[in-house]
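Colleague: curious how this folds, go ahead:
(chains A, B and C)
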Amino acid sequence: MPELPEVETIRRSLLPHLVGLPILGCEIYLPKLLQNLSAEEFSQSIRGRHVEDILRRGKYLVLRLSGGYTLVVHLRMTGQLRFVHEDAPCPPHTHIVLKFAAGMVLRYTDIRQFGYWFLAPDSGIEQVARLERLGVEPLALDFTVGHLEALLSGRRGKIKAVLLDQARIAGVGNIYADEALFGAGLHPARAAGSLAPEEIARLHRHLQEVLNQGILMRGTTLRDYVDGSGESGGFQHKLKVYGQKGQPCSKCQTPIARLVIAGRGTHLCPNCQV
DNA sequence: CGGTGCCTGCTG
DNA sequence: CAGCAGGCACCG
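Modeller: Numbers count the residues shown, from 1 in each chain, chains lettered A, B, ... in the order given. Predicted structure coming up:
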């Protein structure tokens, strides 16, 4: 479900509510979501700590807790985190609940049960949650055109596969990859190493543009995505190719096509993207 | 690299 | 009822 803009929106929506609050307890209904601890160990380890900060790394949400512990959550396809009062109706597929004061709870809901949680001391969390394998943050200042060029050059794989590879660029998923490639006028199946310098510069600019727009619009809600307050995003109204199969291209009116590239449904304008 | 599995639910 | 879904780990 959520890509970088959605996770960033969740982070921002939770931050002002959660920081400083002690975790009074938790309920684990689906222990397999806990990747590195049993339900018992998790409960023992998290109880009494308070949330000091919330960060994001790629599509991972990173909660710094007091006492030198970090909680890492990946929402995969259908995970949702909502900070609500316990009296609010509890959605189906709610698997983990963290309890705070005054009846407030952080509910983790995940229809497909693909998401996962890690809890570990700060010193070990990077390795435990495999954050260390993630590539560059595409909105960071050090992600330059030259950096993108280095990631692409000499590679025979498809551009789209590179954009989706979290070990190279962290946080880009299927929607924003398709939108960035459309903006840059590049065919997703092009060999990564075949891009001319001006094409790399275009891809860099449009990738940052769609991610920033996605954040500005508070994410893309196609099915399940909501932020930490349960609010839908708005970027679905701005999509130019993703999910637009058969619709006229916004630039040239050619019907948008859907192919499978890099194993994923891929949307593109067959005329504009070469 | 591509293919498969993990799950459940919605769409055509 | 098959096919598909904002993801990723694992296999060969």
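Colleague: the residue of the stretch 51-200 of chain A found nearest DNA strand C and A:Asn36, how far apart?
Modeller: Nearest residue of the stretch 51-200 of chain A to DNA strand C (CB to the nearest atom of the strand) works out as A:Gly173 at 2.2 Å. For glycine as for every other residue, the C-beta is placed from the backbone atoms N, C-alpha and C. Separation of A:Gly173 from A:Asn36 (CB to CB, to the nearest Å): 24 Å.
Colleague: these two: who's more crowded?
Modeller: Neighbour tally, A:Gly173 and A:Asn36, criterion other CB atoms under 10 Å: the higher count belongs to A:Gly173, 22 against 16.
Colleague: just checking, that one touches A:Leu164?
Modeller: Yes. Using CB atoms under 8 Å, A:Gly173 and A:Leu164 qualify as a contacting pair, with a distance of 6.9 Å.
Colleague: quick revisit: name the nearest residue to the residue of the stretch 51-200 of chain A closest to DNA strand C, sequence neighbours excluded.
Modeller: A:Glu3 (3.5 Å; CB to CB, 6 or more residues apart in numbering).
Colleague: what residues are up against the residue lying closest to A:Asp142 once chain neighbours are set aside?
Modeller: Distances taken as CB to CB, 6+ apart place A:Val136 nearest to A:Asp142, at 7.0 Å, with adjacent residues excluded. Each residue near A:Val136 by CB atoms under 8 Å, 6 or more residues apart in numbering is listed here: A:142-143, A:147, A:151, A:168-170.
Colleague: could you identify the buried members of these?
Modeller: Buried residues within those, defined by neighbour count using 16 or more other CB atoms under 10 Å: A:143, A:147, A:151, A:168-170.
Colleague: can you add pLDDT, distance to A:Leu106 and secondary structure and give the residues you listed back as a markdown table?
Modeller: Output for the buried ones among the contacts of A:Val136, formatted as a markdown table (pLDDT from 0 to 100; distance: CB to CB, whole Å; DSSP: H, G, I helix; E, B strand; the rest coil):
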| residue | pLDDT | distance to A:Leu106 | secondary structure |
| --- | --- | --- | --- |
| A:Phe143 | 96 | 31 | coil |
| A:His147 | 96 | 35 | helix |
| A:Leu151 | 95 | 36 | helix |
| A:Arg168 | 96 | 32 | coil |
| A:Ile169 | 97 | 29 | strand |
| A:Ala170 | 97 | 24 | coil |
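Colleague: most widely separated two among the residues you listed?
Modeller: Pairwise distances across those (CB to CB) peak at 12.7 Å, for the pair A:His147 and A:Ala170.
Colleague: picking up where we left off before, quick check, the residue nearest to A:Gly173 in contact with A:Val210.
Modeller: No. With contacts defined as CB under 8 Å, A:Glu3 does not count as touching A:Val210, sitting 10.0 Å away.
Colleague: joint contacts of these two?
Modeller: A:Tyr176.
Colleague: so between the two, which is more surrounded?
Modeller: Ranked by neighbour count (other CB under 10 Å), A:Glu3 and A:Val210 place A:Val210 first, with 29 against 23.
Colleague: in which helix or strand does the more buried one reside?
Modeller: helix A:197-216 (DSSP states H and E).
Colleague: which helices and strands sit right next to that helix?
Modeller: When contacts are defined as 3 or more CB pairs under 8 Å, 6 or more residues apart in numbering; DSSP states H and E, helix A:197-216 packs onto helix A:4-18, helix A:145-152, helix A:174-184.
Colleague: what about the nearest residue to A:Gln236 once chain neighbours are set aside, distance to A:Gly25?
Modeller: Excluding the flanking residues, the one nearest A:Gln236 by CB to CB, 6+ apart is A:Thr220, at 4.9 Å. According to CB to CB, A:Thr220 stands 34 Å off from A:Gly25.
Colleague: looking at these two, which has the bigger crowd around it?
Modeller: Neighbour count, other CB under 10 Å: between A:Thr220 and A:Gly25, A:Thr220 has more, with 28 against 13.
Colleague: so how far is DNA strand C from that one?
Modeller: To DNA strand C, A:Thr220 is 6 Å away according to CB to the nearest atom of the strand, to the nearest Å.
Colleague: A:Val19 too?
Modeller: For A:Val19 relative to DNA strand C (CB to the nearest atom of the strand), the value is 25 Å.
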